[in-house]
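K.L.:
okay, predicted coordinates and the sequence, questions at the end:
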Amino acid sequence: MIALLRGELAYKSIDHVIIDTGGVGYRLLIPLSTFYALPDTGQVRLLVHTHVREDALLLFGFATPAEKEMFATLIGISGIGPKLALNILSHIPVIELQTAVLAGDIKRLSALPGIGKKTAERLVLELKDKIGPTGGLAGGQSSAAPSSGKVQSDPLADVISALVNLGYKDAQARKVLETMEISHDAPMEEILKGALKVLAR
C-alpha cells in the first residue's frame, strides 16, 4: 500500500496530479484544497490513500494529515464513496466540516454539492462520535512542499497559511482577520476557528 509519495510534479490540474518518482508517474486524485497548496512545479510530497477495488487501484493525494484522515473516515460511511468524499473536502475545510457535524448543522452540510438532506443527516449521525472538536488539522503543516525547518511564532501568519492551504485567497484571509477582534494571547486554533466561522457566513 502506498502511503506517501515524494517526487517531481509532472502535471497539475484541479482534480488530479502526476508525480514523477524515480521515472514512474503516479496519478493522484486530489481535493481543491490540496491543489491550492501545491506549487506549479518542483519537488512535492503528498500523503496518499490507496483505494483498491475490483476493477482499479486508485491513489488519492492530500496536503495534510487532517485531509487524509477525514477522507478515510468519510468513505467508511454508508453511501459515501471516494468521489463524493473528495467532493466534500473540495468544498468545505476539514475544521469547518467538523464544526458543522458537531453542531448538527444540517443546513450547512446539505448545501454541499452532491449532499442532500438525508446524506447530511447521515454525516452528522455517523461522524459525530468519530471526530472531536479539535480534529486532526489544528494548524498541521502542509506536506505538499518541503519544509524549510523554520518554526513560525506568529499565530496570525499561521492562520493565514492554514486558510490558504484550505483554498482561500491570501487577501481574503487577511481581510477576515482584520475584521475580527483577536486577543494578543489567543492560540492559533482559536483564531482559525473564528476565521472559518466568519468565512462561512
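P.N.:
Thanks, I have the structure now.

K.L.:
and the closest residue to Lys12 other than its chain neighbours, what's its pLDDT?
P.N.:
Setting aside the residues directly before and after it, Lys12 is nearest to Leu38 in space (Cβ to Cβ, 6 or more residues apart in numbering), at 6.1 Å. Every residue, glycine included, has its C-beta placed from N, CA and C. At Leu38, the model reports a pLDDT of 91.

K.L.:
now the one 5 residues further on
P.N.:
We note a pLDDT of 94 for Gln43 in this prediction.

K.L.:
so it touches Leu5, yeah?
P.N.:
No. At 11.1 Å, Gln43 does not count as touching Leu5 under the criterion of Cβ atoms under 8 Å.

K.L.:
higher neighbour count, these two?
P.N.:
The residue with the greater number of neighbours, taking Gln43 and Leu5 and applying other Cβ atoms under 10 Å, is Leu5; the counts read 19 against 12.

K.L.:
and that one, how close does it get to Met70?
P.N.:
Note on Leu5: its distance to Met70, by Cβ to Cβ, to the nearest Å, is 19 Å.

K.L.:
contacts for the helix or strand of the chain with the lowest mean pLDDT?
P.N.:
Lowest on mean pLDDT, DSSP states H and E among the helices and strands of the chain sits helix 155-165, with a mean of 76. Helix 155-165 is touched from outside by 33, 36-37, 63-64, 137, 139, 142, 144, 152, 170, 172-174, 176-177, 182, 186-188, 191-192, 195-196, 199, with contacts defined as Cβ atoms under 8 Å, 6 or more residues apart in numbering.

K.L.:
next secondary structure element downstream of that helix?
P.N.:
Sequence-wise, the next helix or strand beyond helix 155-165 is helix 170-179, with elements assigned using DSSP states H and E.

K.L.:
tally up the residues packed near Ile95, please.
P.N.:
Ile95 has 25 neighbours, counted by other Cβ under 10 Å.

K.L.:
doesn't it lie inside a strand?
P.N.:
No. In this structure, Ile95 is helix, not part of a strand, as judged by DSSP: H, G, I helix; E, B strand; the rest coil.

K.L.:
that one contacts Lys193, correct?
P.N.:
Yes. Counting by Cβ under 8 Å, Ile95 touches Lys193, with 6.4 Å between them.

K.L.:
need the residue closest to the centroid of this protein.
P.N.:
Centre of the chain computed as the mean C-alpha position; nearest residue by Cα atoms, centre = their mean is Glu67, 4.0 Å away.

K.L.:
may I have the phi/psi pair for that one?
P.N.:
Its backbone dihedrals place Glu67 at phi -60, psi -50, with angles given as degrees, to the nearest 10.

K.L.:
who touches it in this structure?
P.N.:
When contacts are counted by Cβ under 8 Å, 6+ apart, Glu67 is found next to 31, 33-34, 47, 89, 94.
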